[in-house]
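Engineer: Turn this into a structure:
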Amino acid sequence: MDALLDPQNATATTGPDQTTISTGQYHQHVLQEDALTGWQQEYHLLQGGAFHGEVAQIDFGDIAIFREKTNLPMINRFCLPQDKVYFTAALPGSADAFNHYGAFHGGETYLMHFAEEREVMISGPVDMIGVTFTPPPGITETPRYWQQVAGQTSDFVSWIALLLGSFARNSDTKDLHRIAPLLIADRLSYVLDQLTAEDTRRHIVVSARRGDPTDLVRASLDALRHLPKSDISVVMLAEEVDQPPATLRKAFRDALDQDLDAMLVALRMSHVHRILTHAHPRDVTVSAVAADHGFLHWGRFAQRYRAMFGELPVATLRRSDSHKRAVVG
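Structural biologist: Predicted coordinates for the structure are as follows:
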């Protein structure tokens with residue numbers, strides 16, 4: 001998060017969709033209470049000492065991501081932004097926290113939505129990643145307001161942290177502002193699919209269009225031809241074919257034994273390869289092209305790229321340049 005934080009608190013509006021980036025360092029807890037857009041918070045310290053806190057938030061409109069740090073034990077009374085659900089993860093090293101529903105340990109992730117004020121007691125320093133968003137019907141209908149998220153969520157949490165930093169480091173990523181909320185929604189839908197109760201999931205599937213799953217796969221493949229290459233995501237594809245993401249994923253599993261999420265990642269990777277193959281090193285950078293297609297972790301991107309194409313992305317760009325010079329010569 002340090003890459004986003006300046007000594008002075010700041011708010012900037014940037015990008016084609018007027019993305020709002022807010023950052024701040026705080027030395028009074030009563031000032032940090034108001035740092036998160038749409039939240040109502042009150043910090044009540046449980047220990048004396050110098051307070052140090054940090055907040056970085058990116059608001060895309062319907063979806064907001066943030067990271068918040070505090071250093072002292074406290075009770076935090078809060079209300080979520082109206083009609084929003086909160087996906088939260090305490091990063092490793094965070095102190096234990098306790099609320100009405102039980103303990104919350106570092107390294108665990110939770111989903112919560114409250115219609116009233118709640119409070120949490122934090123026993124020490126905390127470092128939290130959070131995402132607020134408008135929930136799908138399957139989540140709003142569940143009676144559980146505090147659900148631990150099982151499964152592979154650590155990659156999603158790490159990716160959110162990388163995204164926060166990427167907006168500071170990669171100012172030349174022209175498409176990142178536009179595709180970031182699509183990719184966040186994509187990853188959230190995958191997590192939420194695992195949480196949806198079986199009866200709710202059956203209701204969603206039954207209420208969706210009936211028929212052979214191959215029909216839905218064919219419709220999806222047709223829709224892919226019309227989507228911008230950097231916008232390829234499960235959520236965007238589901239909107240194009242007017243189906244829930246869970247139904248779309250199931251159709252690809254049933255018809256093709258294909259992981260739809262992995263398939264779309266591979267398609268975006270292929271588009272990156274095509275751009276690098278035809279680009280000139282003076283015109284583009286690998287990191288910018290990768291970020292424009294949602295790949296923020298350089299090491300993982302390079303490893304996956306090499307596994308697909310047999311070479312590192314920088315090698316593709318250099319080979320493209322060598323080929324162009326040879327043709328000119």
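Engineer: could you list every residue that touches the nearest residue to Asp62 once chain neighbours are set aside?
Structural biologist: Distances taken as C-beta to C-beta, 6 or more residues apart in numbering place Thr134 nearest to Asp62, at 5.5 Å, with adjacent residues excluded. C-betas here are computed from N, CA, C, even on glycine. By C-beta atoms under 8 Å, 6 or more residues apart in numbering, the residues touching Thr134 are 62, 83-85.
Engineer: of these, buried ones?
Structural biologist: Using 16 or more other C-beta atoms under 10 Å as the burial test, the contacts of Thr134 include 84-85 as buried.
Engineer: now the contacts of Thr134 as TSV including distance to Ser123 and secondary structure?
Structural biologist: Below are the contacts of Thr134 laid out as TSV (distance: C-beta to C-beta, whole Å; DSSP: H, G, I helix; E, B strand; the rest coil):
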residue	distance to Ser123	secondary structure
Asp62	33	coil
Asp83	31	coil
Lys84	26	coil
Val85	26	strand
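Engineer: Out of the contacts of Thr134, which is nearest to Leu72?
Structural biologist: The shortest gap between Leu72 and any of those belongs to Lys84, at 26.9 Å (C-beta to C-beta).
Engineer: For the closest one, give me its contacts.
Structural biologist: Going by C-beta under 8 Å, 6+ apart, Lys84 touches 38, 113, 132-135.
Engineer: tell me which residues in stretch 243-253 are buried?
Structural biologist: Under the neighbour-count criterion of 16+ other C-beta under 10 Å, stretch 243-253 has 243-252 buried.
Engineer: farthest-separated two in the residues you listed?
Structural biologist: Pro244 and Phe252 (13.3 Å).
Engineer: so where do the helices sit in the stretch 101-250 of the chain?
Structural biologist: For the stretch 101-250 of the chain, the helices defined by DSSP state H, counting those that start in this stretch cover 137-140, 154-169, 176-195, 198-207, 213-224, 234-241, 245-256.
Engineer: between the ones you listed, which gets nearest to Arg318?
Structural biologist: helix 154-169 (22.8 Å).
Engineer: I'd like to know which elements that closest one is packed against.
Structural biologist: Packed against helix 154-169 by the contact rule (3 or more C-beta pairs under 8 Å, 6 or more residues apart in numbering; DSSP states H and E) you find strand 53-59, strand 64-70, strand 126-133, helix 176-195.
Engineer: Against which helices or strands is the second one packed?
Structural biologist: Just to be clear, that refers to strand 64-70. Strand 64-70 sits against helix 29-32, strand 53-59, strand 126-133, helix 154-169, with contacts defined as 3+ C-beta pairs under 8 Å, 6+ apart.
Engineer: mind checking pLDDT for Ser26?
Structural biologist: Wrong residue type there; residue 26 is Tyr, not Ser. For Tyr26, the pLDDT comes out at 93.
Engineer: just Gln194 next, same as before
Structural biologist: pLDDT, Gln194: 67.
Engineer: before we move on, what about Gln18?
Structural biologist: Confidence score, pLDDT, at Gln18: 68.
Engineer: what does Arg218 give?
Structural biologist: For Arg218, the model assigns a pLDDT of 80.
Engineer: Could you count how many residues lie near it?
Structural biologist: The tally of other residues near Arg218 (other C-beta atoms under 10 Å) stands at 14.
Engineer: again, but for Phe309
Structural biologist: Using other C-beta under 10 Å, Phe309 has 17 other residues around it.
Engineer: Would you mind measuring from it to Gln303?
Structural biologist: Per C-beta to C-beta, to the nearest Å, Phe309 is found 12 Å from Gln303.
Engineer: and Gln32, what pLDDT?
Structural biologist: 93.
Engineer: For it, which non-adjacent residue is closest in space?
Structural biologist: Tyr26 (3.9 Å).
Engineer: remind me which residues of the stretch 201-329 of the chain are low pLDDT?
Structural biologist: For the stretch 201-329 of the chain, the stretches flagged by pLDDT under 70 are 201-211, 230-231, 320-329.
Engineer: at 50 instead, please
Structural biologist: Low-confidence segments of the stretch 201-329 of the chain (pLDDT under 50): 201-210, 326-329.
Engineer: tell me the contacts of the spatially most central residue of the chain?
Structural biologist: The chain has Ile184 as the residue nearest its centroid, 3.3 Å off, counting by C-alpha atoms, centre = their mean. Listed by C-beta under 8 Å, 6+ apart, the contact set of Ile184 reads 60, 63, 65, 131, 133, 160, 163.
Engineer: isn't the fifth one right up against Ile63?
Structural biologist: Yes: taking contacts as C-beta atoms under 8 Å, Phe133 lies within contact range of Ile63: 4.7 Å.
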